[in-house]
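A.B. asks: Got a predicted structure here, sequence first:
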Amino acid sequence: MLKRKSTRTTPRSRGEHPAQQVPDSALSRRGFLQASGVAGLGLAALGGARRTATAQTAEEAETLPEFKKTICQFCSVGCSMWAEVDNGVWVGQEPAFESPINQGTHCAKGAAMREIAIGERRLKYPMKRVGGEWTRITWDQAITEISQKLVDIRDQYGPDSAYWLGSAKFSNEQAYLFRKFAAYWGTNNVDHQARICHSTTVAGVANTFGYGAMTNTFNDIRNSKSIFLIGGNPAEAHPVSMLHVLRGRENGAKMIVVDPRFTRTAAHADEYVRIRPGTDIALLWGLVREIFENGWQDQEYLDQRVWNIEAVREEAEKWTPEEVEHVSGIPADQVRSIARTLAENRPGTLIWCMGLTQHTIGSSNTRAASILQLVLGNIGKTGGGANIFRGHDNVQGATDLGVAVDSLPAYYGLAEGAWRHWARVWDTDYQYLQDKFASKDLMETAGMPLSRYMDAINENPESLDQPNPVKAMMFWGHAANSIARGPDQMKALDAVDLLCVIDPHPTQVAIMTNKQDNVYLLPAATTAEADGSVTNSNRSVQWRDKVFDPLFESKTDYEITYRLAEALGFADEMFKHIEVVDKNPQAESVLREINKGTWTIGYTGQSPERLKRHMRQQENFDSTTLLGKEGTEVEGEYFCLPWPAWGTPEQNHPGTPILYDTSKSVAEGGLPFRARWGVEWEGNNLLAEDSYSAGSEIEDGYPEITLGMIQALGWESELTAKERLIIALVGADAFTYDLFDISEEEAQSRISALTLSELRSRADAESGDIDGSWQGGQGGRARDVDQNLSTMLEDYPEDARTAIRAYLSSQGEPAEGQSLPVLERIRRVNWKTDLSGGLQRVAIAHGLAPYGNGKARSYVWNFPDPVPIHREPLYTPRRDLLPEYATYDDRRLWRLPVKYMSIQENDYSQEFPMILTSGRLVEYEGGGDETRSNKWLAEFQQEMFAELNPQDAGTAGITDGDMIWVETPEGRVRVAAMVTPRVGPGTVFMPFHFAGFYMGEDLTDRYPTGTAPVVAGEAANTAWTYGYDVITQMQETKATLCRITQA
Amino acid sequence: MARVKFLCDTDRCIECNACSTSCKNEHEVPWGMVRRRVVTINDGQPGEKSIAISCMHCTDAPCVAVCPTSTLYQTDIGVVLHDKDNCIGCGYCFYACPFGAPQFPRATLFGSRGIMDKCTYCAGGPEENGSEAEFKKYGRNRIAEGKLPICAEVCSTRALLAGDGEVIGEIYRERVLSRGFGSGAWGWKTAYYPEEA
């Protein structure tokens, strides 16, 4: 047999690392390979073919390729990769084995990311539709015309008639700038993808535990004893997370998958549970009941750390396994056996995604799931947790930084106090901001959610709670085909005066509208063309390097934001303290401003320097705990400082890898539950009892930290002069921006010169409450200090009682027309408003959590259903379950009327007898404009389809591959049939990533020449029906009705 | 001398297609040619298994045996490579291969399939290592750079292993030992102590 040597090693420029750029892991990489299994080629056996630098001269070195580390642009796992850049061109992609998160691995999307640098199908220059024809224009013309039209619309209809639809693809810095931009424009109509992916998670979980985020890390799933996935298919949506999930399973964890489809994830589970879409609460309460019935609950945990589980028990009582079977279709015995498995295999993790969130009762589903974990005592433990996998690469960060209709950055809400807080950080007059808005009222009211943007345009003005409907629609990194109700969207896109798409691709918006003029397409750069930080699902804030300069005429989102702000006349005010180079705001400088204001969620410790250090030293973090290894520069810190990283960067908080973990001190990343709901509610104690994080000096529950509390506990002297000065001036509303940089000596002299009368004279405004983002964070302000207090506090130690008294004494509101004395206002400065970080620092020094030590809440009094209850989808096939499990009455929410009962009361189940559900494919993401334009991905998934059970296919006379119509009461799509037992009889599934066809009609010739994605198909959402969550207006895209006919 | 192999752990493969797209990315394989693909059996039902398939670089490679022009050859580490300059597009290798590895750019009724293409184990071809000509015909030569095939390096769940057959065989054996079948067997947890199961 012919043999030739392949071991000759001739170095070549394409594969060369210059010596100084060899990733730090060059050596550890080999060690890693052995451990992980991609091993053993025995590099030595090949004659030591390690890359070596060959450059001898400076000229040669200049031509060598560079290696840049970037973060994958697709999902929220946050995979690192090395990009090999030769002469400005991204020519190769290498695995980053040293990343503790993905450890060198990728899914189809990450492995094909480099295609965006070729970008054949991208939008290449600004375009405008003139008389129906796409015409190339310059950036200057585009910005001038768009801003002029925006100003006209503002003059005629008010600022709320422009809708700023942002993106989960923004870096943290861009997300923050975008929210800030909307504030300076004067509207709260600013939103992004989180609304339609995990808004119900954020609302539900934040109202249960305190923060609305994934509690543990991907890596921590390796420690789980049971892995319970409900409404999630990570094998397709978050494939790299399966690296950890499957390792957990191989370590012995029992893996259970609940889903209407036998998914790729289910194929790896120990047990698969088929559920009827939209009946998750039935199952969850059935499990809770079974656990209580057998006494498997963690009673000590419930007593110490959970409030009002009794209310849940009462509701769960009716969910016998037989009733669960009746409603959800899950066999009663299976319910019993799952409950046993979960009880016997603790700690266990509960993972959920869109299957749980995208329902009219989504925010109840997420609470029920959280409560199940509380009953099992699984929250705040390694191996446990509510591990909510977020969607896009930075959807967590964009949510945190307030690209949302109901909050300023960091969940401060929209109350006056929140505006004053951010006005201080922005060094802008509060009055200046208020003047931008149509009214103070609209400034403090949540805008219209993106899921309803078509109604915001189509509704008649009288039924809106704002002056006029939306007239300018700005799609800045958001697809239309991921939003339900195609026909209504089409009508809306025709009706607006100005339609603008700012995106690397034209998206479905460009082809869906019949508007002949005033449609603009601006080419935005992709994530690889700009630097900045991104927060992955487990809250680690990773720094992403820019790989190459924006392609064609694309511009970065930073620059487009700046240019628009400039044209609209507020760039100087908005970028007052942000470094701007060539109209490009610098990410590091923006992050420093973020650090100055985001105290609520601890985005304050993640300075650019610290993040970059972590990215450079990825190999120094443990691959399970994410803890920096001993003897390294990052010792004791968690990888990329999962928020909250309390205090200023100088305070060196290590980040919090596992939320609510009391086994660690706060200084080491531990936390109790957040005392977010106050101290008591209707005589019930909401503070933790006999439970506290390690090292806490108060060995019991306590409220959130205020200056008053620190004073009462006798720790005020531990504040530095600068901290005291800042706190005093924040309290007196006399803070000035220069105080951020003041020296300790100067602060000392200024504080001794500060007199009360001076403070009084400076304090001219009323400070409002701060809280309440994602509608419903607040509540529980204690009214009566004395009454129940003495009995309630009997068992608390003296210092806890002191803290509680101090907190309560400054809770009352002043009488009408009066304002609080200035000293009282200073006492009320708290861990969220103190811009010095001093209160957080002193609290942590005494082992206290800045946000207090409260109980998790299983009864949310400010929600329509304080205890989650099952309600049938609006389009339900089970009329027999009505009215027992009926939906809500119609109501008004978020400036809009919302239909519930008026839809459910009609019986569509005769005409549309099948259940329709939707989901993802591994090759594509979201609306799919980027991924379907990527030829390496598109080749593996070329046709839109609907999954159909063989039984139903037989009845309808359909064979695999036939074209069929999937019709719902509101629309229809023409797709290929995929006949498979993956879905149960009576259920139809469609992926939602496709676009280009509309109800059978091919619209792809409407794309500007050369920009049509490689693969086109019907958008599932064209046919998708009405239905919105009652708290967040999440769209219902998991359960509706349809019928199937031959096409 | 090391003998390299591929091994796909079907208990871990989730059909994420990273191996397939990374191959396209690394070698800029044109549309229509797929050097590695993932095959799923029992799709959508219990017992579903996925496996990543490409050229397996067989020990006694049938493609090498049937090739009339000595286009196919095996290197000293067991990699089956091909010389595109010799290929006449006869398709014998395609018929001989049990894994469907050889790919042809054209399919016409009368003959001409074009030049064969297949997985190179990321080891390039007969041209000078790292040369432009090699890249154009075969893609990157990672082996010459001291790296492993990209598909295995990026596999999302570490299902696909590549490297010295002895070593990856041992890794797989250890995996099976540690995840075990015993503890998954019916009744073990009840009958024996969990830590012994």
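C.D. replies: Ah, there it is.
A.B. asks: burial measure for the closest residue in space to A:V335 that isn't next to it in sequence, as a count.
C.D. replies: Distances taken as Cβ to Cβ, 6 or more residues apart in numbering or on different chains place A:P321 nearest to A:V335, at 4.3 Å, with adjacent residues excluded. Just so you know, the C-beta spots here come from the backbone N, C-alpha and C atoms, and that holds for glycine as well. Using other Cβ atoms under 10 Å in any protein chain shown, A:P321 has 21 neighbouring residues.
A.B. asks: Report the contact partners of A:P321.
C.D. replies: Counting by Cβ atoms under 8 Å, 6 or more residues apart in numbering or on different chains, A:P321 touches A:G286, A:E290, A:A332, A:D333, A:V335, A:R336.
A.B. asks: A:P461 too?
C.D. replies: A:P467, A:N468, A:P469.
A.B. asks: Quick one: the helices in the stretch 251-400 of chain A, in order.
C.D. replies: Applying DSSP state H, counting those that start in this stretch to the stretch 251-400 of chain A gives helices spanning A:280-293, A:299-305, A:309-316, A:321-328, A:332-344, A:354-357, A:362-375, A:395-400.
A.B. asks: Tell me which of the ones you listed sits most buried.
C.D. replies: Of all the helices of the stretch 251-400 of chain A, helix A:395-400 has the most neighbours on average by mean count of other Cβ atoms under 10 Å in any protein chain shown, namely a mean of 30.
A.B. asks: Next secondary structure element downstream of it?
C.D. replies: Sequence order places helix A:416-426 as the next helix or strand after helix A:395-400, per DSSP states H and E.
A.B. asks: could I get that next one in PDB with only the CA atoms?
C.D. replies: Extracted in PDB, the C-alpha atoms of helix A:416-426 (Å, rounded to 0.1, in the frame of the first residue of the first chain):
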ATOM      1  CA  GLU A 416     -39.000  59.800  40.000                       C
ATOM      2  CA  GLY A 417     -36.300  58.600  42.400                       C
ATOM      3  CA  ALA A 418     -35.000  56.300  39.600                       C
ATOM      4  CA  TRP A 419     -34.800  59.200  37.100                       C
ATOM      5  CA  ARG A 420     -33.100  61.400  39.700                       C
ATOM      6  CA  HIS A 421     -30.600  58.600  40.400                       C
ATOM      7  CA  TRP A 422     -29.700  58.200  36.700                       C
ATOM      8  CA  ALA A 423     -29.700  62.000  36.200                       C
ATOM      9  CA  ARG A 424     -27.000  62.200  38.800                       C
ATOM     10  CA  VAL A 425     -24.900  59.500  37.100                       C
ATOM     11  CA  TRP A 426     -25.400  61.100  33.700                       C
END
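A.B. asks: Tell me how far it lies from the chain's centre.
C.D. replies: 23 Å (Cα atoms, centre = their mean, to the nearest Å).
A.B. asks: do stretch B:107-123 as well
C.D. replies: Put simply, stretch B:107-123 sits 16 Å off its chain's centre (Cα atoms, centre = their mean).
A.B. asks: hang on, the earlier thing: and the gap between the residue nearest to A:V335 and chain B?
C.D. replies: Separation of A:P321 from chain B (Cβ to the nearest Cβ, to the nearest Å) stands at 21 Å.
A.B. asks: just to revisit the earlier point, looking at neighbours, which among the contacts of A:P461 is most surrounded?
C.D. replies: Neighbour counts for those peak at A:P469, which has 22 neighbours (criterion: other Cβ under 10 Å).
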